[in-house]
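S.K.: what's the 3D shape of this:
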Amino acid sequence: MSDTYWDRQYNNRLIVPDFADYFAAWKTRTAEARAAYMPLHIPYGDHARQAVDLFRAPAPRGTLFFIHGGYWRAFSREDFAWIAPPFLAAGISVALPSYRLCPEVGISDIAADIEQALTTTWSRLGQHERRRLVVSGHSAGGHLTAHCLATKFEGKDAPYITSGLSISGLFDLAPLMRTSMNDDLKLDPISADTLSPLHRPRVSAAPLLSVYGGSEPPEWHHQSDRLASQWPDVTSAALPFRNHFTALDALADPEHSLHEQALGMFA
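M.R.: Have a look, this model is predicted:
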C-alpha cells in the first residue's frame with residue numbers, strides 16, 4: 001500500500017478536516033479551567049517541558065494521571081486542563097504531565113520522561129490520592145499509557161497503577177514509518193519494534209480499557225483490537241460516531257458513558 005494510504009489512516013489532520021475547531025474549543029475550555037483551579041507545578045527534570053501540573057481534589061479518593069497526545073511532537077500539559085474539572089468534582093485529583101517532543105528527542109526519550117513523571121508524581125501524592133491510580137492517555141498518550149503497563153517500576157517511589165485507560169492509542173508503531181510524520185519521529189524497524197507495546201510483555205496487572213472512535217479509520221480499530229488479543233485483561237471498544245478528537249471529549253463529558261467508566265475505576 002502507498003505512503004498516501006498510511007497517511008490517510010493515521011494523519012488525523014487529514015482525516016478530520018475541521019481539526020482546528022477542536023483545538024480552539026480545547027483552548028477555550030483550558031483557559032476556563034485554569035481560571036478556576038490553580039495546579040501544583042511539579043518539575044521532574046531540567047527541561048522546561050519536564051513538569052507535571054497536579055490539580056488536587058479537596059477530599060480525594062484517587063488520581064487520574066493523563067498523558068496528552070500529539071504524535072509525540074505537539075501539545076503540552078497546559079493544553080489539557082479542561083479534562084480536570086469533572087474529575088475534581090468527583091473527588092479525583094488530576095495529574096497532567098508534559099514531556100520533551102520529537103524531533104528534539106526520540107520516542108524512547110519521551111517514554112523515559114513519562115516513567116520519571118509518573119514516579120515523581122506518585123512521590124508527591126497524599127495517602128488518599130494513592131488509593132487508586134489510573135493512568136490514561138490519548139493517541140500518543142495511549143501508547144505511553146500501555147508503555148507504563150509494560151514497565152517495571154522499582155524503588156521506594158514506584159507507582160502502583162490500579163487501572164489503565166487508553167483513548168485512540170497506538171500500540172504497533174511500524175505503520176508510522178510509512179507516514180510523512182516519520183520525518184519527525186525517525187522510527188526505523190528496530191526502534192518501531194522495541195517501542196511497540198504490542199511486541200512487549202505487560203508487567204502491570206492493572207486492567208486496561210482501550211477505546212477508539214467508531215468513526216476513525218480501520219487502522220485505529222486494529223491497533224486496539226490487536227492489543228486486546230495479545231495482552232491479558234484488555235477490553236477493546238468503539239465509541240460510536242466519535243472521531244479521533246471527539247473520542248477524547250467523551251472522557252471529560254459527565255453525560256458520556258466513557259466518563260462514567262473512568263469514574264468506575266476509582267470505586
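
S.K.: residue ranges with poor pLDDT in the stretch 1-150 of the chain?
M.R.: For the stretch 1-150 of the chain, the stretches flagged by pLDDT under 70 are 1-3.

S.K.: Run through the strands of it in chain order.
M.R.: Secondary structure of the stretch 1-150 of the chain (DSSP state E, counting those that start in this stretch): strands at 40-43, 51-55, 63-67, 93-97, 133-138.

S.K.: Ok, which of those comes nearest L118?
M.R.: L118 lies closest, by C-beta to C-beta, to one member of the strands of the stretch 1-150 of the chain: strand 63-67, at 6.1 Å. C-beta here means a position set from N, CA and C on the backbone, and glycine is covered the same way.

S.K.: Parallel or antiparallel, list what pairs with that closest one.
M.R.: In the sheet, strand 63-67 lines up against strand 93-97 (parallel), strand 133-138 (parallel) (DSSP bridges).

S.K.: then the longest one to CSV, C-alphas only?
M.R.: The reference is to strand 133-138. This file holds the C-alpha atoms of strand 133-138, laid out as CSV (Å, rounded to 0.1, in the frame of the first residue of the first chain):
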residue,chain,number,x,y,z
LEU,A,133,-4.0,5.5,40.3
VAL,A,134,-5.5,5.4,36.8
VAL,A,135,-3.0,6.0,34.0
SER,A,136,-4.7,7.3,30.9
GLY,A,137,-3.8,8.9,27.6
HIS,A,138,-5.0,9.9,24.2
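
S.K.: Now do it: distance to the chain's middle.
M.R.: Offset of strand 133-138 from its chain centre (C-alpha atoms, centre = their mean, to the nearest Å): 6 Å.

S.K.: Same question for stretch 51-67.
M.R.: Relative to its chain's centre, stretch 51-67 lies at 14 Å (C-alpha atoms, centre = their mean).

S.K.: For A237, give its distance to P217.
M.R.: Separation of A237 from P217 (C-beta to C-beta, to the nearest Å) stands at 17 Å.

S.K.: oh sorry, the question was meant for G137
M.R.: Applying C-beta to C-beta, the value for G137 to P217 is 20 Å.

S.K.: Looking at those two, which one has more neighbours?
M.R.: Set G137 next to P217 and count neighbours by other C-beta atoms under 10 Å: G137 wins out with 27 against 18.

S.K.: Tell me how far the more buried one lies from Q50.
M.R.: 17 Å.

S.K.: what sits against the residue nearest the centre of the chain?
M.R.: Nearest residue to the geometric centre of the chain (C-alpha atoms, centre = their mean): G137, 1.4 Å. Neighbouring residues of G137 by C-beta atoms under 8 Å, 6 or more residues apart in numbering: 66-69, 143-145, 165-167, 169.

S.K.: okay, those in CSV with distance to W82 next?
M.R.: Shown next, in CSV, are the contacts of G137 (distance: C-beta to C-beta, whole Å):
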residue, distance to W82
F66, 11
I67, 15
H68, 11
G69, 14
H143, 22
L144, 20
T145, 19
L165, 17
S166, 19
I167, 14
G169, 20
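
S.K.: now, which of the residues you listed lie within helices?
M.R.: Among the contacts of G137, DSSP state H puts 143-145 in helices.

S.K.: okay, those in JSON lines with neighbour count and distance to P175 next?
M.R.: As requested, the ones in helices among the contacts of G137 are exported to JSON lines (neighbours: other C-beta atoms under 10 Å; distance: C-beta to C-beta, whole Å):
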{"residue": "H143", "neighbour count": "30", "distance to P175": "13"}
{"residue": "L144", "neighbour count": "31", "distance to P175": "18"}
{"residue": "T145", "neighbour count": "28", "distance to P175": "19"}
